[in-house]
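Colleague: Build me a model from this:
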Amino acid sequence: MRRPASVGLALAIASSACATSPDKARSEAANLAGERLERMVSWEQSTEADREVDRRVRELLAGELSPEAAVEIALVRNPELLADLENLGIAQADLVEAGLLDNIHLGGGPRFSLATPTALAWEFDAAVSFIHALLIPLKRKVAKAQLRDVTLRIAHAVLELDTHVREAVFDAIAAERTLEFRQAAAELAEAAAELARRQAATGVAGTLNELKRSELEAAEAEARGALQLAQVAVVEAREHLVRALGIFGKDVEFRLPKALPKLPDDDPDLGELERIAMRQRFDLQAQRAELDALSGAVRLARRNPFVQVDIGIVGETDPGDPTSLGPFFELEIPIFNWGQADVARAEAMLRQVERRLRGRAIDVRSEVRVQRARMVAERRLAEYERDRVVPMRKRMVELGQERYDAMLFSVYELIDLKIREFESRAELVEHLQGYFRARAELELAIGGRLESSIKRYARPKER
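Modeller: Just a heads-up that it's a prediction; the model follows:
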């Protein structure tokens, strides 16, 4: 049964709209990233989905903003990531266009006889490029490789965002915790300097000379300066996190955990991380996909004939004569431009991508080694600070208190010990922050979570 023309047109439009939708590529990128991050990643686009996203974001912001919660918000709110997602739509549209025939070229017009001005004739023609139609399969193959390239780059962008958001949360928590220690140290330094000034004013300074009072006042000034810098660091860290999350208004008043996470008991075996990174880094896979696309482009440029052929029909009507209709073809003769520049350009771009891929592989291996060394060093420093320095400083304060109670220690010496304890705790926070940042960067360097990546690509042990 023949469909009405209007129905056929509607179906064609609907089919075209489905073909240009990037939902499949969007879902693939989400699945790739979600597998590496061990979390659900989704970018559904509908009114109901948007309402659910808003509800979930408000729910997460109502509680303490953990690194995992922050990443979940950023995945649906970060403006840069959402803008990059549109590249999937562009690549999908290019794929659809690569599979379409060229539009039919129509031409024609009236013809007037000079002998009989009132006689009016008509000439018309319709043509389509025959050669371009033969190249559609190869053009689609190139476009598919380009879509694969974009999909992998989006997946890698998700991993980068995950790393940067977690680092921003660690930085913000560390900044707030450090501010607490700087505040306590500044209050003690101010109390010591104020006590020294009062003793000097009342003439009961005892053995506290002018030099010592000056040292206490200098320490007070330094503590106040450190406190001011710590306050600015809190603002900067929170605002950096706000930008990564893509939130504004009252949403920026989120609460952070009171402390950084504890160090894990141990780290997995880090011996094969370079090999793992070579196998699973999305950006390397994307560059390989780009290489495939350019290889196809080179083949396309070489196969694209320098002679362009259009085929079609031509018709003519004259008053009193029957209408004539017949085939025709047009031939483009390559006298000046026979495509040598297109081939040379495509070959140069192919060599360029090959060399960049080789260089990127070298960079990735180096990144893995650097972040692995940094993470190990920060763990050792944090463990030493936690297990040796902080307990030692705490014990020194206890011993100083005993000597002070026995009138063998001055209040200034006791305050100095307490300030040093706060400083050691601030240094512990700094090393914990460094460890978790290095771990996040190492996971980005290998392209996935440490434990799951090592399990996934672990070589079987020899018996």
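Colleague: What residues does residue 432 make contact with?
Modeller: If you count contacts by CB atoms under 8 Å, 6 or more residues apart in numbering, residue 432 has them with 174, 260-261, 263, 382. All C-beta spots, glycine's among them, are computed from the backbone N, C-alpha and C.
Colleague: Got the phi and psi for it?
Modeller: phi -60, psi -40 (degrees, to the nearest 10).
Colleague: returning to that earlier point: now for the contacts of residue 432, which pair is the farthest apart?
Modeller: Within the contacts of residue 432, two members stand farthest from each other by CB to CB: 174 and 263, at 14.0 Å.
Colleague: Those two: which has the busier surroundings?
Modeller: Shown here are residue 174 and residue 263; by other CB atoms under 10 Å, residue 174 has more neighbours (25 against 17).
Colleague: Against residue 239, how distant is that one?
Modeller: 15 Å (CB to CB, to the nearest Å).
Colleague: Okay, strands next: where are they in this structure?
Modeller: In the chain, the strands defined using DSSP state E lie at 105-112, 120-129, 308-317, 324-332.
Colleague: any idea of the mean pLDDT for the first one?
Modeller: Right, strand 105-112. The predicted model assigns strand 105-112 a mean pLDDT of 69.
Colleague: please renumber so the chain begins at 593
Modeller: Sure, I'll start counting at 593 from here, so that last one is strand 697-704.
Colleague: and for stretch 636-656, what are the contacting residues?
Modeller: 661, 664-665, 668-669, 839, 843, 846-849.
Colleague: Would you mind giving these as a markdown table with neighbour count, pLDDT and distance to residue 816 added?
Modeller: Below are the contacts of stretch 636-656 laid out as a markdown table (neighbours: other CB atoms under 10 Å; pLDDT from 0 to 100; distance: CB to CB, whole Å):
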| residue | neighbour count | pLDDT | distance to residue 816 |
| --- | --- | --- | --- |
| 661 | 20 | 94 | 35 |
| 664 | 20 | 93 | 39 |
| 665 | 23 | 94 | 36 |
| 668 | 21 | 91 | 42 |
| 669 | 18 | 92 | 38 |
| 839 | 19 | 93 | 33 |
| 843 | 15 | 92 | 33 |
| 846 | 21 | 94 | 29 |
| 847 | 10 | 95 | 27 |
| 848 | 20 | 96 | 25 |
| 849 | 15 | 95 | 28 |
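Colleague: Any chance of JSON lines for those, columns distance to residue 680?
Modeller: Shown next, in JSON lines, are the contacts of stretch 636-656 (distance: CB to CB, whole Å):
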{"residue": "661", "distance to residue 680": "26"}
{"residue": "664", "distance to residue 680": "21"}
{"residue": "665", "distance to residue 680": "21"}
{"residue": "668", "distance to residue 680": "16"}
{"residue": "669", "distance to residue 680": "18"}
{"residue": "839", "distance to residue 680": "24"}
{"residue": "843", "distance to residue 680": "27"}
{"residue": "846", "distance to residue 680": "30"}
{"residue": "847", "distance to residue 680": "35"}
{"residue": "848", "distance to residue 680": "33"}
{"residue": "849", "distance to residue 680": "35"}
